[in-house]
Every structure is written in structure tokens, then in C-alpha cells.
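Chemist: Turn this into a structure:
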Amino acid sequence: MSDILSKVVGKTEHHVKNSKDLTAALMNLTLEEHEMLNSHNLMSLFISTPVDKAFQVIKKSLHKDES
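Modeler: Prediction:
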């Protein structure tokens, strides 16, 4: 699974490499009144993410990637 997913990781505007990259992105972020910034703890992210929805997102990303 890791080999497959590694081909699409980092190819979206929502990807951050590390905390320094995230901090830089957040410095220029302005939220509108109707928007919300949400954060997930990495450990709880995987147990709270619906697997079927995650696979749908992964499948869609892989179909878009021509490599």
C-alpha cells in the first residue's frame, strides 16, 4: 500500500511536508467567517477516519495520476 500511495503523496495543494512547512502555510492563511481550520492528532486520525471514505479518496487520486 505504501508503494502505491507514495506516488500520489504531495501532489495536492493540501499537502505539508513537516511542521515548518505547515507553519509557513498558516502564516499566510486568512479564514473567512464561514470557514474553520481543523486539526487532527496523527494517532487518532487513523482510528477515526472511515476506511471506506479513505479508500474512495485514494482511488480517485490514483485514477487522476497518469504516472
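Chemist: Which parts of stretch 7-18 count as buried, going by neighbours?
Modeler: In terms of neighbour count (16 or more other C-beta atoms under 10 Å), stretch 7-18 has its buried residues at V8. Yep, even glycine has a C-beta here, placed from its N, CA and C like the rest.
Chemist: For that stretch, give me every contacting residue.
Modeler: Stretch 7-18 is touched from outside by L22, A25, I58, S61, L62, D65, S67, with contacts defined as C-beta atoms under 8 Å, 6 or more residues apart in numbering.
Chemist: pLDDT-wise, what's the bottom of these?
Modeler: For the contacts of stretch 7-18, the weakest pLDDT value sits at S67, with 72.
Chemist: distance of the nearest residue to that residue once chain neighbours are set aside from T23?
Modeler: In space, S67 comes closest to K7 once its chain neighbours are excluded; the distance is 6.1 Å by C-beta to C-beta, 6 or more residues apart in numbering. Remark: distance between K7 and T23 (C-beta to C-beta, to the nearest Å) = 27 Å.
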